[in-house]
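Q: The sequence and its predicted three-dimensional model are supplied below.
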Amino acid sequence: MKSPFETGSPIVDRMSRLQISGNVIPISWYQTIRKPTGKPNLTAIVILADIVYWYRAVEVRDELTGQLIGLKKKFHSDILQRSYQQLAEQFGITKRDATNAIVELEKLGVVHRVFRMKEINGQMYSNVLFLDLDVDILEKLTYPEQVEEELPEAKGRCPPGVSPKSGRGVTEIEERVSPKSGRGVTEIGETYTKNTTKEYGTKNSYLSDQKTDALVKEQISYSALKHDYPFDERIDEIFRIMVEVLDSSTEVIRVNREDKPAQVVKAQFQKIGKQHIEFVLHCMSESSTKARNIRALLITALYNSVNTISSYYGNLVQYHMANGVQESGREPGKKVGE
């Protein structure tokens, strides 16, 4: 007589005795997490599965009775700390692929990047990457059929139930063509002056990623930045954004919630140097506001840095000079004792 614990398949019986644990990938993610081409974003899906694993609580049971007495998290901080390099090594992908996957998950709103100070081996490092998980968006990505019953209009790359107009989970700096804007003309009267110093990718001339990478690295003194800020993940994020903008083939790029001619944006980005990158990093570190879309923030900050860096440091010098006068207790131009 066959045992009730035998299925009739030796393979299935043996599998039932294996204690397999780890990441779980719901089949619905292959429909809700997709590339612009419509194909599943496998890298983003695999990384999200790992993030979800770490956010799943560990059960604490009584040793004698086996009764569930509590739950605990798997990591030490309040949110999960991960670096792009860790993800790349774990899944056998490039650091660029890991970065792009996190950016795509952030566009969907299911993951949010948070940069913090952290002590590593007794030394404090700034801008260490943490990944926050939005369970509401995760639920919509995992159970799309429930959301479609409530909001049948939710379609496309946005998470089911998240309207493209709501702003949540949708990047504000996606490059797209505006049907109202003319080629090379902006609605606010900006003009474009051709820059012939460097040839980045344009609509009519394709440059390989390797060549564009090299040009951007030279322009912003990438090696020096990595030397000065070895643990700042934002350096690579800024680098990738600059490559994408300068190598873009679209006619319009969105900056600060406004569609601007791509040539205008590219001309501005070609003026960005190491000092502008440091200026942007400094301003972000000084800001107490939590950015929901870091990518959109960086594109806007980089674009504006060319015009604002001089006035910022000028005002900063005047501020310190004024404070110095007040602290010394004397008026400008007077010597001590006068």
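A: Looks like it came in fine.
Q: buried set for stretch 210-226?
A: By 16 or more other Cβ atoms under 10 Å, the buried positions in stretch 210-226 come out as 212-213, 215-217, 219-222, 225. To be clear about C-beta, it is placed using only N, CA and C from the backbone, and glycine gets the same treatment.
Q: List the contacts of it.
A: Residues from elsewhere that reach stretch 210-226, judged by Cβ atoms under 8 Å, 6 or more residues apart in numbering: 198, 200-201, 235, 238-239, 242-243, 246-247, 270, 272-274, 276-278.
Q: same deal with stretch 38-46?
A: 23, 25, 29-31, 33-35, 91, 93, 97-98, 100-101, 104-105.
Q: residues of it that come out buried?
A: Those would be 41, 43-46, for stretch 38-46 by 16+ other Cβ under 10 Å.
Q: Now do that stretch: distance to the chain's middle.
A: Averaging C-alpha positions (Cα atoms, centre = their mean, to the nearest Å) puts stretch 38-46 17 Å from its chain's average.
Q: and if you look at stretch 103-115?
A: For stretch 103-115, the distance to the chain centre is 6 Å (Cα atoms, centre = their mean).
Q: now the end-to-end length of that stretch.
A: 14 Å (Cα to Cα, to the nearest Å).
Q: Wait, a helix at Met284?
A: Yes. Counting by DSSP: H, G, I helix; E, B strand; the rest coil, Met284 falls inside a helix.
Q: Inside helices: which ones of the buried residues of stretch 38-46?
A: 43-46 (DSSP state H).
Q: and which of the residues you listed is nearest Ser305?
A: The nearest member of those to Ser305, counting by Cβ to Cβ, is Ala44 at 29.5 Å.
Q: measure the closest one to Asp134 for me?
A: Distance, Ala44 to Asp134, by Cβ to Cβ, to the nearest Å: 15 Å.
Q: Could you measure from Lys217 over to Leu298?
A: From Lys217 to Leu298 the distance is 17 Å (Cβ to Cβ).
Q: Show me how the record splits this structure into domains.
A: Using automatic domain parsing, the domain parsing of the chain gives 23-160, 171-338.
Q: weakest of the ones you listed by average pLDDT?
A: Among the domains of the chain, domain 171-338 has the lowest mean pLDDT, at a mean of 69.
Q: show me where the stretch 201-338 of the chain has strands.
A: In the stretch 201-338 of the chain, the strands defined using DSSP state E, counting those that start in this stretch lie at 252-255, 258-261.
Q: okay, those strands in a markdown table with mean neighbour count next?
A: Formatted as a markdown table, the strands of the stretch 201-338 of the chain follow (neighbours: other Cβ atoms under 10 Å):
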| stretch | mean neighbour count |
| --- | --- |
| strand 252-255 | 22 |
| strand 258-261 | 18 |
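Q: Export the ones you listed to JSON lines and append columns for distance to Ala57.
A: Formatted as JSON lines, the strands of the stretch 201-338 of the chain follow (distance: least, Cβ to Cβ, whole Å):
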{"stretch": "strand 252-255", "distance to Ala57": "39"}
{"stretch": "strand 258-261", "distance to Ala57": "43"}
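Q: which secondary structure element contains the residue nearest the centre of the chain?
A: With distances taken as Cα atoms, centre = their mean, the chain has Val103 as the residue nearest its mean C-alpha position (4.2 Å). Assigned by DSSP states H and E, Val103 belongs to helix 95-108.
Q: by contact count, what packs against that helix?
A: Contact analysis of helix 95-108 by 3 or more Cβ pairs under 8 Å, 6 or more residues apart in numbering; DSSP states H and E lists helix 42-55, helix 84-91, strand 111-120, helix 234-246, helix 294-328 as its packing neighbours.
Q: Please point out which parts of the third one sit buried.
A: Buried residues in strand 111-120, defined by neighbour count with 16+ other Cβ under 10 Å: 111-115, 118.
Q: Show me the contact partners of stretch 94-105.
A: Contact with stretch 94-105 is made by 33, 35, 41, 43-44, 47-48, 84-85, 87-88, 91, 111, 113, 131, 236-237, 240, 295, as judged by Cβ under 8 Å, 6+ apart.
Q: List only buried entries from these.
A: Buried, going by 16+ other Cβ under 10 Å: 33, 41, 43-44, 47-48, 84, 87-88, 111, 113, 131, 236-237, 240, 295, out of the contacts of stretch 94-105.
Q: Report the two of those residues separated the most.
A: Greatest spatial distance among the buried ones among the contacts of stretch 94-105 (Cβ to Cβ): Ile33 and Asp236, at 22.8 Å.
Q: any idea how far Asp247 lies from Asp213?
A: 9 Å.
Q: farthest pair in the buried residues of strand 111-120?
A: Farthest pair in those, by Cβ to Cβ: Val111 and Lys118, 18.8 Å.
Q: what's the helix or strand for Ser126?
A: strand 123-133.
Q: Partner strands of that strand and their direction?
A: Its sheet considered, strand 123-133 pairs with strand 80-81 (antiparallel), strand 111-120 (antiparallel) by DSSP bridges.
Q: Save those strands as CSV, and put in distance to Ser126 too.
A: Formatted as CSV, the strands paired with strand 123-133 follow (distance: least, Cβ to Cβ, whole Å):
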stretch, distance to Ser126
strand 80-81, 14
strand 111-120, 5
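Q: quick one, which of the ones you listed is nearest to Lys73?
A: From the strands paired with strand 123-133, taking Cβ to Cβ, the stretch that ends up closest is strand 80-81, at 9.0 Å.
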